[in-house]
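Asks: quick one, structure for this:
(2 chains)
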Amino acid sequence: MLTPSNPTVQRSRILIIVLAFVVLPMSIIAGLVFGQEPVPLSDVAGVISSKLFGATSNVSSISEQIVWNLRVPRIVLACIVGGGLSIVGVAMQALIRNPLAEPYILGISGGASAGASLFYLGFLPPIISSVLSLSVAAFAGGLLAILLVFFVARVDRQISVARLLLAGVAVSALMGAVTTFVTMMSPDPNKLRAMLFWLLGSLNGASWSTVVVPTIVVGLGTAILWILSRYLDAILLGEEPAFNLGVPVEEIKKLLIVLSALITGILVSAAGSIGFVGLVVPHIVRSFFGITHRVLIPLCFLVGAVFIVLADLASRSLLEASTFPIGVVTAICGVPFFLYLLRRKEYRFG
Amino acid sequence: MVFNRTSFVSTVVAIGAFVLMVQGCSKPASERSPALFTDALGRSVIIPDSVRRIVSLAPSATETLFAAGAGGKLVGVTTSDDYPREIDAVPRVTAFPAVDYERIVSLQPDLILTSSDVNGPDIGDRMSEFAVPVFYLGSENLENIFDNVRVVGTLTGTASQAETQARLLAQSVVQIGTMTSSNTPGATPKVLVLIGIDELYSFGHGSYVHEMIRYAGGRSITEDIPMAAPVLSEEFVLAQQPDVVVVAMGPDFSMDDLIDSHPSWTELPAVANDRVYSIDPDLILRPGPRVVDGVLFLATWISPEMMSGADTE
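Replies: Okay, the predicted model is just below:
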């Protein structure tokens, strides 16, 4: 176990501070300044200072609406999605003690998309409110997918990595087929276009009303994981050693499964399925700062937030007068990483 | 048979007159108090008393606006818009696949017109934060499409001009229908309308396209398929033996491509009798005023006797 005086922990403390107070704010400022419509930096500053600090500003109402009602919620959602997906990656990798686990690869995102599309296209009845029902349906789909994958991959209380990845591929394909089928059979073809873009991932739907639920869920989920840091460290040693150390292994594993499905479901219903974030971010952070979850979790959250804020900025500003799905950016960054991890002789952390 | 060339000509003249009027400028807006309207999605939308700046998020909505005499109020149209010519100078907004909300906000519209066919249902909620009303136009049937002209005229303060146009559109179609219905004593020609030829996308139950075909004197073979946007099987088409095939691909269509993709179709009556046509997709896929032109084209292909009727009888 690492002790607080360990230089790695010192180093990571500094990095957390740098990320939280320098890199993330700079990414956010870039996200606020650049976009489809040009808004001068001074206007952005005026809007933010008037909204946050009550300063009087003479910024045009157009700039104010673009910055405050479009870009700010979008960036908040980007931080939540990036941080949340990275945390889910950490949770799943601890769960199966392997750095290849990721919600997109293991079919959770696919399951959540299938659940969400079943609801969105009118095949499931609404409960409570439509926004909540969409999230619940996505959660249920994600949970079903992860349970199915684990059921297949688990042999004699051991998770086989090959089986896990293959089961993930198969379940992703199945969930993709469900989504395609309900999309084709939809009684309401008018929603199809909206669906297609959403399935590939997009933060275009972000508004003040849609960021509330994801923020709460991801915030709580991250806090819970952080509180469980020591248990997660112990589980990485192996389930039996962890159990002997007094860790309630079975309960923690169930919690990790539900938490992963919940966060993934909420994020898929808010922003579509965005892949490979949970793979790339924890891997980079671990390779620099080891595997202690107490520093891994906040660092992954911050790096993930920066990654998605920048990926979203790329997806909406690289093409003239058009946007492309953010999943394209994350896949281009993520797939080489995944292949590299697969190519290594041993699947080990670090 | 009650048919003569004069009625055909008068229809063409009426449509020509309509096109001219569509391209004419709008009259000054008559004032109206803010009022509640129900759109195609069943939403209640409060429209301000005088609408001056309109953004259209669907080409069909743009064309409907011009038919209603309010095209001059457009301050934004989609990147897919290409008709009428007046929109060349109007700023463009990306509407598919993702709506460029930043651009819309910067154009400061006081009304956004959308189509329930092409625009996602979330635009209304999204723009409510900016206090801009969003009105969805539907396309349940041809009557709905023509009524949209009337509704848009009421929203924008050009009600009387729009009323005239809506009535003219409806009358033109009925007139074509009268001409084509009387000259087919035997079997009504079976018609297949395709949107693509590699994948056989077509229209299923509830589409106004079947109605266009009926007015043109045919019967659509896909009108009973329960799905709204079916992908047909080759076998279905062979079993149905359509007499006329209309492909909505405009000048991009090639008969050789069709036969390359579906060699078994050489035996179809439509192919054997050389009755495969390609229509400008905008005249059939856009639920706007130009569906009347679409019906006219369909009628000349499905009921060609209508053209020669006056000579032979």
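Asks: that's a helix at B:Tyr136, yeah?
Replies: No - going by DSSP: H, G, I helix; E, B strand; the rest coil, the assignment for B:Tyr136 is strand, not a helix.
Asks: could you pull up the contacting residues of it?
Replies: B:39-41, B:43, B:114-116, B:119, B:121, B:124 (CB atoms under 8 Å, 6 or more residues apart in numbering or on different chains). In this view, the C-beta of every residue, glycine as well, is placed from N, C-alpha and C.
Asks: any idea which element the residue nearest to the spatial centre of chain A lies in?
Replies: Nearest residue to the geometric centre of chain A (CA atoms, centre = their mean): A:Leu85, 1.9 Å. Element membership of A:Leu85, judged by DSSP states H and E, is helix A:72-96.
Asks: same thing with A:Leu132?
Replies: Assigned by DSSP H and E, A:Leu132 belongs to helix A:130-153.
Asks: just checking that helix against chain B, any contact.
Replies: No - counting by CB under 8 Å from any CB of the partner chain, no contacts exist between helix A:130-153 and chain B, the nearest distance being 9.9 Å.
Asks: quick one: buried residues of that helix?
Replies: For helix A:130-153, the neighbour count (16 or more other CB atoms under 10 Å in any protein chain shown) marks A:131, A:133-146, A:148-150, A:152-153 as buried.
Asks: sorry, back to before: the helix holding A:Leu85 relative to helix A:130-153, how many degrees between them?
Replies: On the basis of axes from the mean of the first three to the mean of the last three CA atoms, to 10 degrees, helix A:72-96 is oriented at 20 degrees to helix A:130-153.
Asks: I'd like the next helix or strand past helix A:72-96.
Replies: Heading C-terminal from helix A:72-96 (DSSP H and E), you reach helix A:108-120.
Asks: just checking, what packs against that next one?
Replies: Helix A:108-120 sits against helix A:130-153, helix A:161-185, helix A:192-199, helix A:249-271, with contacts defined as 3 or more CB pairs under 8 Å, 6 or more residues apart in numbering or on different chains; DSSP states H and E.
Asks: I'd like the next helix or strand past the helix holding A:Leu132.
Replies: Assigned by DSSP H and E, the successor of helix A:130-153 is strand A:154-155.
Asks: what's in contact with that next one?
Replies: A:160, A:163.
Asks: sheet partners, orientation included, of that strand?
Replies: The pairing partners recorded for strand A:154-155 under DSSP bridges are strand A:158-159 (antiparallel).
Asks: any idea of the mean pLDDT for the strand it pairs with?
Replies: For strand A:158-159, mean pLDDT is 76.
Asks: hang on, the earlier thing: just the helices and strands packed on helix A:108-120: most buried one?
Replies: Most buried of the helices and strands packed on helix A:108-120, by mean neighbour count (mean count of other CB atoms under 10 Å in any protein chain shown): helix A:249-271, with a mean of 23.
Asks: tilt between that one and helix A:130-153?
Replies: Note on geometry: by the same axes, to 10 degrees, helix A:249-271 and helix A:130-153 are set 130 degrees apart in direction.
Asks: how about the CA coordinates for helix A:249-271, as CSV?
Replies: Extracted C-alpha coordinates of helix A:249-271, given in CSV (Å, rounded to 0.1, in the frame of the first residue of the first chain):
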residue,chain,number,x,y,z
VAL,A,249,-16.2,-8.7,-1.6
GLU,A,250,-19.5,-10.0,-2.8
GLU,A,251,-21.4,-6.9,-1.7
ILE,A,252,-18.8,-4.6,-3.3
LYS,A,253,-19.0,-6.5,-6.6
LYS,A,254,-22.7,-6.3,-6.7
LEU,A,255,-22.5,-2.6,-5.9
LEU,A,256,-20.0,-2.0,-8.7
ILE,A,257,-22.2,-3.8,-11.2
VAL,A,258,-25.3,-1.7,-10.3
LEU,A,259,-23.3,1.5,-10.1
SER,A,260,-21.7,0.9,-13.5
ALA,A,261,-25.0,0.1,-15.1
LEU,A,262,-26.7,3.1,-13.5
ILE,A,263,-24.0,5.7,-14.4
THR,A,264,-23.7,4.3,-18.0
GLY,A,265,-27.5,4.2,-18.4
ILE,A,266,-27.9,7.8,-17.2
LEU,A,267,-25.1,9.0,-19.4
VAL,A,268,-26.3,7.1,-22.5
SER,A,269,-29.8,8.6,-22.1
ALA,A,270,-28.3,12.1,-21.8
ALA,A,271,-25.6,12.0,-24.5
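Asks: wondering if that helix reaches chain B at all.
Replies: No - contact of helix A:249-271 with chain B (CB under 8 Å from any CB) is absent, the minimum separation being 12.2 Å.
Asks: just the closest residue of the stretch 51-200 of chain B to chain A, please.
Replies: Proximity of the stretch 51-200 of chain B to chain A (CB to the nearest CB) peaks at B:Gly120, 3.1 Å away.
Asks: so the residue in the stretch 201-350 of chain A positioned nearest to chain B: helix, strand or coil?
Replies: Nearest residue of the stretch 201-350 of chain A to chain B: A:Asn204, at 4.5 Å (CB to the nearest CB). Put simply, A:Asn204 is coil when judged by three-state DSSP.
Asks: give me the nearest residue to A:Tyr231, chain neighbours excluded.
Replies: Among residues not flanking A:Tyr231 along the chain, A:Val247 sits closest, at 4.9 Å (CB to CB, 6 or more residues apart in numbering or on different chains).
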